[in-house]
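**Student:** A predicted structure for the sequence below; I have some questions about it.
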Amino acid sequence: MITIAVDAMGGDFGPAVTLPASQAFLDAHPDASLALVGRTDVLATHPLHARLLSNARCRIIAASDVVTMDDSLEIALRRKKDSSMRVAMNQVKSGVAQAAVSAGNTAALMAIARYVLKTMDGVDRPAIAGQIPNVMGTATTVLDMGANVDCSAEHLLQFAVIGSALVSVLSGSNNPSVGLLNIGEEAIKGNEVIKKAGELLRSASNSGDLNFYGNVEGNDIFKGTVEIVVCDGFVGNVALKTSEGLASMISEFLKREFSRNIFTKIAAIIAYPILSALKRRVDHRRYNGAALLGLRGLVFKSHGSADAFAFERALNRAYDAARNNLLERVRERINHAAPLLVAAHLSPPTNASPAVSSMALDSPGSTPAH
């Protein structure tokens, strides 16, 4: 039985989304159980509370605090030690749950996850790995998506290694292709960090640690040229928001064309099957649930504005990762690539500032950045 700890209070809508999604997940996965973490007084007011509580595969774990979307890292880490987010993470640390899912504050989630679970040996920084729909009808896995604003070449190599493990587990591709996001396909293009990262990735490919395709450009994410694209968190987050904006634009276009006049309505009705298929293909809700990779435990981040359908997809991804032993697969990849990764693990970061300060995570007496 795979158990997933759910931060039932996280996100823009809290229990209004997490509880219906949890019920749908339990109905679809008879071999899974959930540990719903949250304020019991709030959860008790939801119509699904009694039904969930009567399910032998669901239990509620009390937490007295909630990390809000506006909380600073100091508040999340040091003043809200009994938050639903942190208690959910403790379930993974103790082995009660095999994975945790939250739609809460991303920076706080990364900080708490890193503080409670720690990073794997050989990994300097955890990365957020999410999926962006492509024209192939699948999705391109992109990392990092916002955990690390600036990265060294060694960090990008680490992202490629752990991202390959994720895709091999969730998609069944044993040797997923990896592309390095750049301003051109030629090896001579890009800044010094990208050029060095390209050299490291080619070395990793020659040694059998990766299937490195080469440099890719932004449009390759949507074309599905490669299965994995590695980049720093600043660029990755921009790409994610662009993808979500595209989906919203198509949705708004369909609404407008159906309401303009009789001629556009007729044209829209005729084209509806194709337009509907396109809308579904670019619907980012289907790919909700970004993995926080490089930790000694499985953590998945749902979009803060996710509805019940999207949050259930995040639960599904966490379930698949736990069922297919993602942690062990990541460790295997890291161990195999150890000769290439050891330099990055031992050398101090230069010109690379994580979005979640290491001082905030590792020094309890320090004051973290907002």
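**Tutor:** Great, that's in hand. Keep in mind that this is a model prediction, so the values were computed, not measured.

**Student:** list the contacts of Ser84.
**Tutor:** Shown here is Ser84, whose contacts under the criterion CB atoms under 8 Å, 6 or more residues apart in numbering are 7-10, 37-39, 63, 65-67, 104. The way it works is simple: take the backbone N, C-alpha and C, and place the C-beta from them, glycine included.

**Student:** how far away is it from Leu180?
**Tutor:** Distance of Ser84 to Leu180, computed by CB to CB, to the nearest Å: 38 Å.

**Student:** ok, now Glu199?
**Tutor:** Distance, Glu199 to Leu180, by CB to CB: 10 Å.

**Student:** show me which of those two is the more surrounded one.
**Tutor:** Neighbours per residue (other CB atoms under 10 Å) separate Glu199 from Leu180, with Leu180 holding more: 29 against 13.

**Student:** helix or strand for that one, which one?
**Tutor:** When elements are defined using DSSP states H and E, Leu180 is found to belong to strand 177-181.

**Student:** elements contacting that strand?
**Tutor:** Applying 3 or more CB pairs under 8 Å, 6 or more residues apart in numbering; DSSP states H and E, one finds that strand 177-181 contacts helix 153-171, helix 192-206, strand 211-216, helix 218-223, strand 228-230.

**Student:** coming back round to it: now, which of the contacts of Ser84 lie within helices?
**Tutor:** Helix and strand membership here follows DSSP state H; of the contacts of Ser84, not one is in helices.

**Student:** look up phi and psi at the residue positioned nearest the centre of the chain.
**Tutor:** Ranked by distance to the mean C-alpha position of the chain (CA atoms, centre = their mean), the top residue is Ala290 at 1.4 Å. In this entry, Ala290 is assigned phi and psi values of phi -90, psi 140 (degrees, to the nearest 10).

**Student:** so who does it touch?
**Tutor:** Remark: with contacts taken as CB under 8 Å, 6+ apart, Ala290 is in contact with 128-131, 145, 300-301.

**Student:** tell me the bridge partners for it.
**Tutor:** According to DSSP bridges, the residues that bridge with Ala290 are Lys301.

**Student:** buried ones in stretch 26-44, by neighbour count?
**Tutor:** If you call a residue buried by 16 or more other CB atoms under 10 Å, then stretch 26-44 has these buried ones: 26, 29, 32-39, 43.

**Student:** tell me which residues are up against that stretch.
**Tutor:** Contacts of stretch 26-44 from elsewhere in the structure, counted by CB under 8 Å, 6+ apart, are 1-9, 14-15, 18-19, 22, 25, 49, 52, 55, 57-64, 66, 84, 87-88, 91, 96-97, 315, 319.

**Student:** can we see that at 6 Å?
**Tutor:** In this structure, residues lying in contact with stretch 26-44 by CB atoms under 6 Å, 6 or more residues apart in numbering are 1-9, 15, 22, 49, 57-63, 84, 87-88, 91, 97, 319.

**Student:** for that stretch, measure first residue to last.
**Tutor:** 19 Å (CA to CA, to the nearest Å).

**Student:** the buried residues of stretch 26-44 into TSV, with extra columns for pLDDT and distance to Asn324?
**Tutor:** As requested, those are arranged in TSV below (pLDDT from 0 to 100; distance: CB to CB, whole Å):
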residue	pLDDT	distance to Asn324
Leu26	97	20
His29	97	14
Ala32	97	13
Ser33	97	18
Leu34	98	19
Ala35	97	20
Leu36	98	24
Val37	98	24
Gly38	97	28
Arg39	96	33
Leu43	96	30
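
**Student:** nearest to Arg79 among the residues you listed?
**Tutor:** Set against Arg79, the nearest of the buried residues of stretch 26-44 by CB to CB is Arg39 (16.2 Å).

**Student:** ok, the closest one to Gly14 distance?
**Tutor:** Using CB to CB, we find Arg39 at a distance of 9 Å from Gly14.

**Student:** over to Gly198?
**Tutor:** Gly198 sits at a distance of 44 Å from Gly14 (criterion: CB to CB).

**Student:** same check, this time on Ala239
**Tutor:** Separation of Ala239 from Gly14 (CB to CB): 28 Å.

**Student:** please apply the same query to Ala97.
**Tutor:** Distance from Ala97 to Gly14, by CB to CB: 19 Å.

**Student:** looking at the two, which one has more neighbours?
**Tutor:** Counted by other CB under 10 Å, Ala97 and Gly14 do not tie: Ala97 has more neighbours, with 27 against 21.

**Student:** contacts only, for that one.
**Tutor:** By CB under 6 Å, 6+ apart, the residues touching Ala97 are 3-5, 35, 91.

**Student:** mind doing that once more with 8 Å?
**Tutor:** The contact partners of Ala97, by CB under 8 Å, 6+ apart, come to 3-5, 35, 88, 91.

**Student:** and it, helix, strand or coil?
**Tutor:** At Ala97 the chain is in coil, as set by DSSP: H, G, I helix; E, B strand; the rest coil.
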